[in-house]
Structures are given as structure tokens and as C-alpha cells.
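Student: Got a sequence here, can you model it:
(2 chains)
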Amino acid sequence: MTDATLAPTPPADSLFRRNLREFRRNRLAMASVIVVLIFVIMAVAAPLIAPQDPNATDLFRRLQPPAWVQGGDWAYPLGCDALGRDILSRIIYGARISIFIGVAVIILATGVGILAGLAAGYFRGWVDVVIGRVVDILLGFPYLIFAIGLMAMMGPGLMNIVLALAYKEWVIPCRVVRGETLAVRELEYVEAARALGAGPRHIMWREILPNILSPVIVVSTIRMANVIILEASLSFLGLGVQPPTASWGSMVSDGRAFILEAWWVSTFPGLAILLLVLAINVASQGLRDAFDPRFSE
Amino acid sequence: MSLGKLLERIIQLVPVLLGVSLIVFVMLALTPGDPVQIMVGEQAITAEQEAELRRDLGLDRPLVERFFLFVANAVQFDFGQSYYHGRPVADVIAERLPATIELSLVALIVALATAIPLGVLAAIRKNSIFDRMATVGSLLGVSLPGFWFGILLIMLFAVHLQILPVSGRIGYASEVLTVTGFLLIDTLLAGDIAAFGEALRYLLLPAITLGLPMTAILMRVTRTSMLEVMRQDYITFAEAKGLPRRRVLYRHALKNALIPTVSVAAIETGSLLGGNMIVETVFGWPGLGRLVVESIFLRNYPLVQAAVLLYAVTYVLLNFIADILYTVLNPRVKL
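Tutor: From the prediction side, this is the model:
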């Protein structure tokens, strides 16, 4: 029995394509996708786009206001922070941190979640019990507190943030995958594959997974917005990426001391977080409406 | 729900709580840095003194034994000494706890008081401009980073308009005798209305910041469940009977529509716990959340450990209560 005969052949107008068309018709969601793409391009091409070196300090430009305010300078469009560093350039470089951590955590968590969820839902029995217990215990922690505890233990650093967030994040795709697997494993086409002599690995990866991927992707995109806020929160508390690396959360924190005289230092990086997170949220709602309409209102 | 079922659910909590304790214990055990070194700091001590300290702290025993000792002590609220304060961790936490609970409760009240009317209104006027604005508002509410929103509120109301205080818990002017530690209650007990108002002024911005994501979520839940209920046959029937629409909506529909709101509120109260650390840091609120953040930087690990455990246990219990509430309010759901 070769894989080719078992693999489902999609009809000419597959469900996926129909859903994609549906998604494209959602103008607000498409606009949000474009906003997200702009942020991604900004992150990737940061050295080409940023007007200044993000870490270059210039004490003569300490707390220099945005260009359109008196005392501003168009070479530093959004003004400068307390060390005279260009805020726009730091926001552009900060996008790298936010997007990298968002993507890395979600990929890691979704990978682990799929493995654990498939195993729990397919094998059931003690595998399900063990994974279920671990999930219950991890769900016993408020997310940010769990991450803060881990960061205190591991110390700051980019990879440590990814790990601290992924340690708990995988629980969410795991529960989705487990639930879907339980529902799908008894369906006729899975029965048919089993009757044809396919092994568990083939059934899990080739028969079940492709058919439950939509909700997993939808949940992952929704979660990414959350992960980005969590990273910014850790950085805000000083437990995230360490200075002088620019991260949006720590930029907002830096500006706190100057809210009386320099509103721009905190305001613009926060606005960047809001824009990116909002765009991801709107886009993922559009995805959900198109690909997984069960949960739509 | 029968008593037996309830007992069964309570027993199911035990492995979760043990697992949570194990993770918290391991977190501290794996934290780099020798606790004795951190405690002693720059002071010079002899090897004997160090060995004695190590014995006192139980650090010379095997890890498994230390874990069970940790759980046994935790059950008795004994979390050891706070390195920094030189007092029992439990005392330091107990001192800070009322401020955090007060802030969380007020945030919860603010969230419920705004979310339910807005959600109901959005459902009644489905697809109206108000409904759309509410949708946009709730999207903004879940997308706004709390620490930034707090700073914006400070800039607007404290710096620019100067109508609310920037940070802290109460002005130095009002000296109130501490009875419960909850300033809103203590000021009322003292009969000091001015101080009560002052305490409320300090609470307002942090409570709004903390409650914002919850408001957004609860509003969506209320709207969805209200719409769901309004589609039910018994509502159509009540309207067909000629009952006034107002009465149908508030007497018949709202009562059932609030079931999901209440249980989601219980779950979301747990998420306020995490938000506390952020909000208390932004507003200089002297609660447990800020204490934990400060303690991390002071490497005051016993306190961090105790607080994380306390937060997690509270969270587990809140989720448990949410489950039970959902069953009690909605007899069709079987546990």
C-alpha cells in the first residue's frame, strides 16, 4: 500500500480554495493582512529602512520632540529618547524582536501541541491521561506569572523568552488538536484507512492532521497577538530583551520617567504594539470566519 | 449538583495543586545562584556559620525531601524568611495582599458594570452603529497593551487634566487607621468620607486599566449569549403573548443570557492576577504584584516562589468556582 493511493485527492474547487476566496472578500481582514505584512517587511529590512542607527546615542538630542513639534528635526521623525536615540529607528528594529518572538513561540508551541494533541486524541488511554494532567497543571498558572517565574529562573535573553512563553503556550494547540482528533478518528475515511492496513503514524499524519489543520491555524494566529503582548509585557517589566537592544515593551518603560516632559518616548512604541496586535487580531478573526465558521458569531 | 459530585471535583483538584507546587518548587531549585550566598551578600561568614545556615534552610537534604517539606510548610503558610525584609515571607505577603485584592475587586466591578449594559445594548441593537462601535471597542480592548494604556491614562488624566493622581494608593493628607487593609472599607469605618473619596480617586485609573481586557471579553460574551437567548422559542412566545418588549428582554432573556457572562467573569478574574503585576508597576500601587517584580530584581526568591504559588492556587480555585457556578446556574450542564 503506497501513500499515493491513500492520500485524499482534493477536488478541483477544494474547500481550502473556497475558504480562501471567502477570506479575500473580507476587506477589513485583507487590510489587516497588509498592515501585518508592512510590519514584517519593516522587521526584515530594518537596516535599509531605519533613518538612524537605533543604538547611536547623542546627548545633544536628549528628549528631542517629534519633527512636527517645535524643536523637532525630520531626520528624527518621531523624536528621540533620553539617550538621544532615534525613536522611529528603534521602533523599526523593535519590530524584529516582537515578530521573531511571536513567530518562534507559535511555531514551537504549535509543533509540540500537534504532537501531544494527536497522541492524546489518537491513542487515548494512559497517554491521554498523562498529557491531560500536564495540561491541567500548566493551565493552573496565570500565563504572565508563569512566564515571569521562568524568566526569573532562566535570566533574561531572547531564547529564554521564547522558551518561557512556549512552555505554556503549547497547551492551547494541544487541546484543540486533541478535541479535533477525538472527533475525526471515528469518521469513515479514517476507518477506511485503518481497514486498508495503514499504521497509526500514517493515520495521524496523513489522514487526521490535514483535516484538522484549519482550526489549529486559526487558533495559532489568534494566539500570536497574545504572545506579542506578553513579550512586550515582560520587556516592560525589565525581564525581557536586555538593553541596548530595542524592544517595544522596554521602550515604553524607558519613557515612563519622562511622561511630564516627553510624551512621545512612551507613546509611539506603544502605538506600534497596538497596531500590530490589532491587525493580527482582525486578520485572525477574518481567518476564523472563513476557515472555521463554527466559532463565528 | 450532588454533594458526591462536588466532592469528586474537589478531590480532582489535589493532583493539579500538587503538580503546580512541584513546578514552582523546581523553578526555584533550578534558579542559578546559591540561596545562602544571596542571603549573606557581602558579609563575611565562617564555613561553620554557612553550614549551619544551610542546615537551617534545609538545603543539605535531598531534593525530594525538600519538595515534601516545601509542600508541608506551604500548607501552613510557612514560606521561610524574606531575604530582603528579614521577616517571614507570609507576613510580607499578607501586608501587601489587601491592596491587590482591593484593586482586583474594583476592576472586576468596573468591568461588569460596563460590559453587561454595553453587551446587552449591542445585542438589542444588532448591526446598528452602536453595535459596530462596541465591536471595534472590544477589539481595541483586547489589543491594547495594559502597561501602555495605563501610561496614556496617566498622561491624560493626571498630567494633562490634573484631575486624578499619578500613582500610589492614597495621599499623605489622609491618615486612616488600618483595620482590614482595604482602604475603601477602612475609610468608611473611620467615617471619613473625604478619605474614602480620595482612596477611590487613586483606585480609578489602575482599576480601569486592569479591567479593560476583561470588559472587552465580557461585553462580547454578553452580546453573543443575549443574541442566542433572544432567538429561543420561549422569548418569541413571551413576545407573542403580548408582553412588553422591555419586560421580555430584562425579565426573561437577560437572566439566562448572563449565565455564560458570570462563568467567564470567574475565569477572567484569574487573568486579573497576571495583569496586577503590570498595572501595579505602572501605577506604583503597593500590592503583591509590584512586590513580586521588585523581589525578582532583588533575587529575593523565597518571596517570588511563595507569590507564584499563591497566584497559581488562587487561579486554580477560581477556575474551579467558575465550573461549579456554571453548573449551578445552568442545570442542563452535567459535571
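
Student: Can you pull the residues of the stretch 1-150 of chain B lying near chain A?
Tutor: Counting by C-beta under 8 Å from any C-beta of the partner chain, the residues of the stretch 1-150 of chain B close to chain A are B:15-17, B:19-20, B:23-24, B:27-28, B:30-32, B:139-140, B:142-148. All C-beta spots, glycine's among them, are computed from the backbone N, C-alpha and C.

Student: So which of those are in helices?
Tutor: Within the residues of the stretch 1-150 of chain B next to chain A, residues falling in helices by DSSP state H are B:15-17, B:19-20, B:23-24, B:27-28, B:139-140, B:142-143, B:146-148.

Student: Provide a list of residues in contact with A:Leu278.
Tutor: By C-beta atoms under 8 Å, 6 or more residues apart in numbering or on different chains, the residues touching A:Leu278 are A:32, B:139-140, B:143.

Student: Quick one: distance of the strand or helix carrying it to the chain centre.
Tutor: Using DSSP states H and E, A:Leu278 falls within helix A:264-291. Distance of helix A:264-291 from its chain centroid, counting by C-alpha atoms, centre = their mean, to the nearest Å, is 11 Å.

Student: which residue packs closest to A:Leu275, ignoring adjacent ones?
Tutor: Closest residue to A:Leu275 in three dimensions, ignoring its sequence neighbours and counting by C-beta to C-beta, 6 or more residues apart in numbering or on different chains: A:Val35, at 6.6 Å.

Student: tell me which element that neighbour is part of?
Tutor: helix A:27-44.

Student: can you state the direction angle for that helix and helix A:264-291?
Tutor: 130 degrees (axes from the mean of the first three to the mean of the last three C-alpha atoms, to 10 degrees).

Student: Return, as residue ranges, the portions of the stretch 1-150 of chain A with sub-threshold pLDDT.
Tutor: For the stretch 1-150 of chain A, the stretches flagged by pLDDT under 70 are A:1-13.

Student: near chain B, which residues of it?
Tutor: Counting by C-beta under 8 Å from any C-beta, the residues of the stretch 1-150 of chain A lying close to chain B are A:133-134, A:136-146, A:148-150.

Student: 6 Å - rerun?
Tutor: Counting by C-beta under 6 Å from any C-beta of the partner chain, the stretch 1-150 of chain A comes close to chain B at A:136-137, A:140-145, A:149.

Student: Just flag the most distant two among those residues.
Tutor: Comparing all pairs in these by C-beta to C-beta, the longest separation belongs to A:Asp136 and A:Leu144, at 19.1 Å.

Student: Which one's more surrounded, those two?
Tutor: More neighbours surround A:Leu144 than the other of A:Asp136 and A:Leu144, with 25 against 18 (other C-beta atoms under 10 Å in any protein chain shown).

Student: ok, and the closest non-adjacent residue to the more buried one?
Tutor: In space, A:Leu144 is closest to B:Gly274, 3.5 Å off (C-beta to C-beta, 6+ apart).

Student: sorry, back to before: so can I have CSV of the contacts of A:Leu278 showing neighbour count and distance to A:Arg96?
Tutor: Converted to CSV, the contacts of A:Leu278 look like this (neighbours: other C-beta atoms under 10 Å in any protein chain shown; distance: C-beta to C-beta, whole Å):
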residue, neighbour count, distance to A:Arg96
A:Ser32, 21, 20
B:Leu139, 17, 25
B:Leu140, 16, 25
B:Ser143, 23, 20
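
Student: which among the residues you listed gets closest to A:Ile172?
Tutor: Nearest member of those to A:Ile172, counting by C-beta to C-beta, is B:Ser143, at 18.3 Å.
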